[in-house]
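Asker: Here is a sequence together with a model predicted from it:
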Amino acid sequence: MAITLTPVAFQRVQRFVAETGALGLRFGVTRTGCSGWGHVADLAREQRQDDTVFEQEGVKIFVDADSLSLVDGTEIDFGKQGLSETFLFRNPNATAECGCGESFTTEADLA
């Protein structure tokens, strides 16, 4: 599988990378919220030894080894929610989300 960007997210990441000189997008998860996992997206300033790197039309997405199984297959979008603009994640590994949508659970978490 892979991590992919929608056209809108691709344009946003491409612009961020060009403006900052970053290597690409760093994407993964962190323990958070009431459901257990939260998506994390930031600019990648370095490539780490355990990173898997996905590339879409020249834009690189860096995913650490601990996050890979939890985010593999995710489509990253970018849109407005109320007055805020934010990345949106369509993660096929998420089997449940908390009520506020900030965190998610996987099949493995339920076992």
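Answerer: Nice, I can see it. Residues are numbered from 1 along each chain as shown.
Asker: what's the spacing between stretch 8-22 and its chain's center?
Answerer: Computed by Cα atoms, centre = their mean, to the nearest Å, the chain-centroid distance of stretch 8-22 equals 14 Å.
Asker: excluding its backbone neighbours, what's nearest residue 8?
Answerer: Nearest non-adjacent residue to residue 8, counting by Cβ to Cβ, 6 or more residues apart in numbering: residue 78, 4.8 Å away. (Each C-beta comes from the backbone N, C-alpha and C, glycine too.)
Asker: elements contacting whichever helix or strand the one you found is part of?
Answerer: Under the criterion of DSSP states H and E, residue 78 resides in strand 75-81. Secondary-structure packing of strand 75-81 (3 or more Cβ pairs under 8 Å, 6 or more residues apart in numbering; DSSP states H and E): strand 4-5, helix 7-20, strand 84-90.
Asker: pLDDT on it, on average?
Answerer: Confidence for strand 75-81, expressed as mean pLDDT, is 91.
Asker: still on that earlier bit, contacting residues around the residue nearest to residue 8?
Answerer: Shown in contact with residue 78 (Cβ atoms under 8 Å, 6 or more residues apart in numbering): 6, 8-9, 12, 85-88.
Asker: Mind listing the residues bridging to it?
Answerer: residue 87 (DSSP bridges).
Asker: and the gap between it and residue 10?
Answerer: In this structure, residue 78 lies at 9 Å from residue 10, with Cβ to Cβ, to the nearest Å as the measure.
Asker: Residue 86 now?
Answerer: To residue 10, residue 86 is 16 Å away according to Cβ to Cβ.
Asker: Check residue 25 too.
Answerer: Remark: distance between residue 25 and residue 10 (Cβ to Cβ) = 10 Å.
Asker: Please apply the same query to residue 106.
Answerer: Distance, residue 106 to residue 10, using Cβ to Cβ: 26 Å.
Asker: same deal with residue 31?
Answerer: 28 Å.
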